[in-house]
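Participant: Generate coordinates for the sequence data below:
(chains A and B)
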Amino acid sequence: MNLLAFNLPIVVLLPFIAAAAAAYSAKFNRLAAAWVSGIATIISLALLIPAAAAIFGGETIIQNWNWLHQAGLQFAFRLDGLAMLFSFLILIIGLLVIIYARWYLAAKDSMGRFFAYLMMFMGSMLGIVMSENLIQLVVFWELTSITSFLLISYWQHRKDAREGARMALAITGAGGLALLGGVILLGHIVGSYQLSDVLASGDLIRNHELYLPTLILILLAVFTKSAQFPFHFWLPHAMAAPTPVSAYLHSATMVKAGIFLLARFFPALSGTDAWMWLVGGAGMATLLIGAYTALFKHDLKGLLAYSTISHLGLITLLFGFSSQFATVAAIFHIINHATFKASLFMVAGIIDHETGSRDMRKLNGLLKYMPHTAALAIIASLAMAGVPLLNGFLSKEMFFAEAVSFSQGNSFAWIIPVLVTIAGVFSVAYSLRFVHDVFFNGEPIDLPRTPHEPPRFMKIPVDLLVIVCLAVGILPMYTVAPILDIAVTASLQSTPPEYSLALWHGVNLPLIMSAIALGVGALVYFRRKPLIANYERHEHINAKQYFQKILAAVIRFSEWLSARFDKGSLQNAAAWTLFATLVISAYGFISFNSPLLGDRTLLPMEPVSMIAAAVIIVASILTLAWHRQRLQSLIVIGVVGLITSLVFVKFSAPDLALTQLSVEVVTIVLLLLALYFLPQTTPKETGMSRLGRDALLAIASGIGVFLFTMMVLSRDFSSISEYFLANSVPGGGGTNVVNVILVDFRGFDTLGEIIVLALAGLGIYAMLQGLHINPHSRFRINADAHPVILQTFSRLMLPLMLLVAVFIFLRGHNLPGGGFIAGLIASVALIVVYLSNGIEWTQSRLRVDMHMVIGFGLLIATTTGLAAMLVGYPFLTSAFSHIHWPVVGDFELASAIAFDLGVFLVVVGSSVISLVQLGQLSHKPENPEGV
Amino acid sequence: MNFVIPSFAPAIPEITLLILASLILVADTFWSKRFQNATYYATQASLLVAGYLVLSSFSVEQVFTFNDSFVRDSFADVLKLFTVAITLGIFLFAREYLVQHRFMSGEFFVLGLFGVLGMFVMISANNFITMYLGLEIMSLAMYAMIALRKYDGVAVEAGMKYFVLGALATGMLLYGFSMIYGATGTITFPEMKAVIASGEADGIVLAFGVVFVVIGLAFKMGAVPFHMWMPDVYHGSPTAVTLYLGTAPKLAGFAMVYRLLYEAMPGLVGDWQQLIIIISILSMVIGSIVAIAQDNLKRMLAYSGIGHVGFLLLGVIAATDDGFSAAMFFIIVYAITGVAGFGMITALSRTGFEFDRVADFKGLNAKNPWLALMMLIVMFSMAGIPPFVGFWAKIVVIEEVVKAGFTWIAVIAVITAVISAFYYLRVVKSMYFDKSEIQGPVEIISPALHWGVSFVAILLLALGLLPGSLIDLCYLSI
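Facilitator: Residues are numbered from 1 along each chain as shown, chains lettered A, B, ... in the order given. Sure, this is the predicted structure:
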């Protein structure tokens, strides 16, 4: 079995497994979590070693598995020089941090939670640097945002920790989504999400029209993650995290993820003016702001935070130069910064741990209390300042050289070496402050604890890092050169230029710049008092406040929008819906250039239709005019319905006319019942503006509907009626085409319709059942609610009316009628009885539960269809035969009649159930529920 | 006989569901007094039967029946299976809620079952009438469910608003149907597609028909500017009903969009694409911004739903097979996430306490870390943060819209995703960092629901880690 075939995913996944194990094992032993994490890290490292030979030989290992092949995604890992360098940084510094944290955390801190978060973070970071697939990279990228959020907020009881964590998550999480956008665009341009393909298509990407948006989205991710100006402000607030976390996140990992992307995408994206200005500009601004601000921070970790920002700016600026030499310098500085910054954070943690304070105004003269720590801190700070014989010097020298060579091409670019020298000056000054203020400068001032050396194991990680600083600084060729070489090759995707890691290049401009930086820096430090005083007078520009202000503004805007559009008013919502419809269709009218009216000649007008139209118009206007008098407006609405049924008669549709008529009667009766519970008049509209708005909407809708109608009516269209007329008797055995369509041709639709009707009845029942409403107080009720004449007459009429219903039902298949109309007529009959005799009287005699009527109706209709299937025909196939009845005459019996019976029952059941519920509203329920 | 005898087999699940629902409706009047839970179990059993019938006759072939008014294909079957699975979950959560809030009644489940029937019909509709019937069966059931709690003024008002606005929108949809029918002379989708492709139909009538159909669809899906009902209805309804409204019908709504726009009118893509772009962008923007101001979690999730519809429409804008597949994946994920989110509120509420304000979730981590973790998963998934499945849902639709050449829309989508992440994280912040305002423990009373919530939330993570098969399923069924 070849371990090299799948070691990369294991390296990435191992920390996640270790996270779960750490969380679990901490239940048994406080320190077990640390052991588990440490061992997992060592195993991960060991798994990488077998691959090292190949990588140093210049190979790139790619291991992939199909993941979402429909979406073109693969589960793919890549190990090349750059990934190797970062993996080593992540794992080795991670291991040191684990050792350190085991001694740093107090007894009351939960070890399991800490190490679980830390290992998850480590796994996510490894995932970023080893991803071959870009979408997979985004996934790990967002995971680092989440896990760093958890780490920063580890001390949840502290407000600054919570706020810092939230800000970090908001900024970096948002950046991650921008990265997602950028990566999708990149995949779109290249046609693949595999890094190998992307890196090979640099020219294609740079010349693509989407280059700029892609670049900006990816850079947003880089700048937010690596705390570049103007997104740098989250980093200092993230210092609320426990110091091991800061040492890990802000030296080698989290903030380097952005830089890693710059190095990774360098061959694909760099080399354009846009890259130079955006990357270089942000880098330069960050370099200066970070270096300047760091000097004035009294908090040890604050100083380191701004120093980190400044160094990240330096690396970004180097990438912005877009030259191969600059890339060498950038990657070299990544290594150097990781080592000295991690050790400095650990020193800060030791000091905090042993003295109880991080305030440099109190911490003085610690040299004699903790000489070992002091020695380490001094060496690391000097590396940070760029003093010769330390690693910081080498990369800084290269940086200066790049700044100088970049400035040659342009007459204004001399400003660049000047600016970077100024940054160098401040860098020296704050490094000096870190050393001098803390370890010299008199005696400590009322510290919470008496300072002393920390436990040995807290110092060992720092020892190792400082040794690296020295070794690289003195013997670069024998230490860092090989890995730097392969990392640069991987980043550039080509052979790196000839560069020299020698300590001495002779007296040249960069050396002079270094000297100036050292000299002036020392001067600035010793004149710091007035500078600090000056800074503090002007320390009102606080990015955190802006962040909070923007947040508050967004919330205010959202609330404003919500108040404007989300009023919870039905009228408002309806008006908006109509308005939006009008706007969209008006857009259609305007943008369409074919003629609105067709070329069909319109039929001539004739008096009867004119009169009908006039009546409808008058009735509609009257409804509007009398709409506050509910009874009157209801009556005129009835007129509209009746005229509509006459229109059906005119166009030879007696069935529709009959249906319309009976529906009209039933609805008006139900509405009249509802009126009982409402005041006699509707409230007056509030305000003229609202009235005006509604009038405008109504008029515009009317015009729109008129235009649409004209548009359709003035065009020819073919009718489907011939087909049904021809097939009605042979196919369905009936001469009433409408009924045959309903119960036969489109029987399935009718089945659906009666379900809808049944549901409506049930819905009304569900809503009104058991509900009690007092009739409106101003309503005068006649003492004689059920006049005797009406009672007697309606009881006499009932059988007659039901007979009519039966008649209509039976003739339905051949003549106008049918189950639906018959059902409505039967309902009217029952309603009349209910109205004239009262609910109690009727219900005591009509003891059928209307639920069952509806249910049986549906069942009969469905089983008719199924019966057809039983005899071997498909669902709802109609069979018919003729029988001769004594009185009625020749009668055609179709199985569709059974179906029609189902329709009939559902109609009766639904109408009566609604009516009874409405009628019962004023009766007290027996056991009111839910009050 | 000279007309084709329709084949009955493809609609067996629907017909069985109808018969079972009718039987339960009748039986409920007998047994509801004696056995409180009989209707509940009968409903769940019916769903299982329907699901089994769909699954056992699953086929990738496309079959038409009932005079081409009904279609059965893998698209329909997949959506129906998810509808059944999601509804099973909904009823599970709903029962305890109904008991806790003292309005346990058989009607809820019967109406819910009829609603599912409506969804099935919508999903399988192959002409205007079938589509309309399905829509009405579903909508009427929902109107009634919202107002089921009669003495709750807010709920009744919500039902009323939904009904009136819904009627308005249905009117527009029918208006659009009638215009398209007038122009093409057919109501069947494949024929319509052929007539439109032949260029014989009148362009302007068709164009206006499409406008009204899109308006109707936008309303039913809750897309801006026809979204007004969503916040009020989600907020006003009893949470168990919100859980129903916010999840399963979305699948049917998507099926409606797919059948109408893509199966019937692909030839009019120039007309509807513009409209969908406007609607999609407005939905994403309004949904993400206005949600920030909401204190009520149900209302917030309503706006989040509006924003999600905007994202769903990205796949529709692409107007390709892959685009609709992506949208299908998106909507399935959204429905599952919705069950988790609303289910959490449903499960946590108890007698006299709705547990639906963001403030109610304050300090949940201190009181009940496991539930806080589950809610965190739900919120992260909705925000589209990996490795949860919501991330993949967003990715596939954005990818499709980019492929179709609308990069600028994708950029807007990403920006709104960032904005919307803010309010999901606000809930997480409340749970983890704020101090609880609730006396006593916060827990889910019924152990079944506790595991139910946990199962759905962990499913979001599991699907996020292994989204392949679900994505494949969606890409293969269109």
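Participant: From here on, just use CA atoms for contacts and neighbour counts.
Facilitator: Noted.
Participant: Pull up the residues of the stretch 101-250 of chain A that are close to chain B.
Facilitator: A:139-140, A:142-143, A:156, A:162, A:166, A:170, A:174, A:177-178, A:181, A:184-185, A:188 (C-alpha under 8 Å from any C-alpha of the partner chain).
Participant: could you pull out the helices for the stretch 451-600 of chain A?
Facilitator: A:456-474, A:476-479, A:481-492, A:509-526, A:528-537, A:543-565, A:570-591 (DSSP state H, counting those that start in this stretch).
Participant: As JSON lines, the ones you listed with distance to chain B and mean pLDDT would be great.
Facilitator: Below are the helices of the stretch 451-600 of chain A laid out as JSON lines (distance: least, C-alpha to the nearest C-alpha, whole Å; pLDDT from 0 to 100):
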{"stretch": "helix A:456-474", "distance to chain B": "31", "mean pLDDT": "88"}
{"stretch": "helix A:476-479", "distance to chain B": "39", "mean pLDDT": "83"}
{"stretch": "helix A:481-492", "distance to chain B": "27", "mean pLDDT": "87"}
{"stretch": "helix A:509-526", "distance to chain B": "41", "mean pLDDT": "86"}
{"stretch": "helix A:528-537", "distance to chain B": "32", "mean pLDDT": "76"}
{"stretch": "helix A:543-565", "distance to chain B": "5", "mean pLDDT": "78"}
{"stretch": "helix A:570-591", "distance to chain B": "6", "mean pLDDT": "82"}
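Participant: hey, which of the ones you listed is tucked in deepest?
Facilitator: helix A:481-492 (a mean of 22; mean count of other C-alpha atoms under 10 Å in any protein chain shown).
Participant: Low-confidence ranges, chain B, go.
Facilitator: Filtered on pLDDT under 70, chain B yields the residue ranges B:1-6.
Participant: Check the residues of the stretch 101-250 of chain A next to chain B for the minimum pLDDT and say which it is.
Facilitator: Across the set of those, residue A:156 stands lowest in pLDDT, at 73.
Participant: right, and it touches residue A:162 too?
Facilitator: Yes. Using C-alpha atoms under 8 Å, residue A:156 is in contact with residue A:162, at 6.1 Å.
Participant: who's more crowded, those two?
Facilitator: Neighbours of residue A:156 and residue A:162, each counted by other C-alpha atoms under 10 Å in any protein chain shown, are more numerous for residue A:162; the result is 26 against 17.
Participant: my read: that one touches residue B:433, true?
Facilitator: Yes. Counting by C-alpha under 8 Å, residue A:162 does reach residue B:433; the two are 7.1 Å apart.
Participant: what do the two both touch?
Facilitator: residue A:156 (C-alpha atoms under 8 Å, 6 or more residues apart in numbering or on different chains).
Participant: Among the residues of the stretch 101-250 of chain A next to chain B, which are located in helices?
Facilitator: The helices, defined by DSSP state H, take in A:139-140, A:142-143, A:162, A:166, A:170, A:174, A:177-178, A:181, A:184-185, A:188 from those.
Participant: Which residue, neighbours along the chain excluded, lies closest to residue 59?
Facilitator: No chain was given, so I picked chain A. Once flanking residues are discounted, residue A:59 sits nearest to residue A:80: 6.9 Å by C-alpha to C-alpha, 6 or more residues apart in numbering or on different chains.
Participant: Switch to chain B, please.
Facilitator: Nearest one to residue B:59, counting by C-alpha to C-alpha, 6+ apart, is residue B:74 at 6.3 Å.
Participant: For the one you found, list the residues it contacts.
Facilitator: By C-alpha under 8 Å, 6+ apart, the residues touching residue B:74 are B:58, B:59, B:60, B:61, B:62, B:477, B:478.
Participant: Quickly note the distance from the last one to residue B:199.
Facilitator: The reference is to residue B:478. Between residue B:478 and residue B:199 the computed distance is 26 Å (C-alpha to C-alpha, to the nearest Å).
Participant: okay, those two: which has more neighbours?
Facilitator: residue B:478 (18 against 11).
Participant: The more buried one: what's it in contact with?
Facilitator: Applying C-alpha under 8 Å, 6+ apart, the residues contacting residue B:478 are B:74, B:75, B:321, B:322, B:324, B:325.
Participant: Recalculate using a threshold of 7 Å.
Facilitator: B:75, B:321, B:325 (C-alpha atoms under 7 Å, 6 or more residues apart in numbering or on different chains).
Participant: what about residue A:689, neighbour count?
Facilitator: Other residues near residue A:689 number 10, with proximity taken as other C-alpha under 10 Å.
Participant: who in the stretch 301-450 of chain A is up against chain B?
Facilitator: For the stretch 301-450 of chain A, no residue is in contact with chain B (C-alpha under 7 Å from any C-alpha of the partner chain).
Participant: which residues in the stretch 301-450 of chain A form helices?
Facilitator: Going by DSSP H, counting those that start in this stretch, the stretch 301-450 of chain A shows helices at A:324-355, A:371-385, A:391-407, A:415-439.
Participant: Which of the ones you listed sits closest to residue A:494?
Facilitator: Of all the helices of the stretch 301-450 of chain A, helix A:324-355 sits nearest to residue A:494, with 9.7 Å by C-alpha to C-alpha.
Participant: can you give me the angle the closest one makes with helix A:371-385?
Facilitator: 150 degrees (axes from the mean of the first three to the mean of the last three C-alpha atoms, to 10 degrees).
Participant: where does the stretch 751-900 of chain A come near chain B, residue by residue?
Facilitator: So the stretch 751-900 of chain A meets chain B at A:752-753, A:756, A:759-760, A:763, A:766-767, A:771, A:851-852, A:855, A:858-859, A:874-875 (C-alpha under 7 Å from any C-alpha).
Participant: Contact partners for residue B:403?
Facilitator: Contacts of residue B:403 (C-alpha under 7 Å, 6+ apart): residue A:188.
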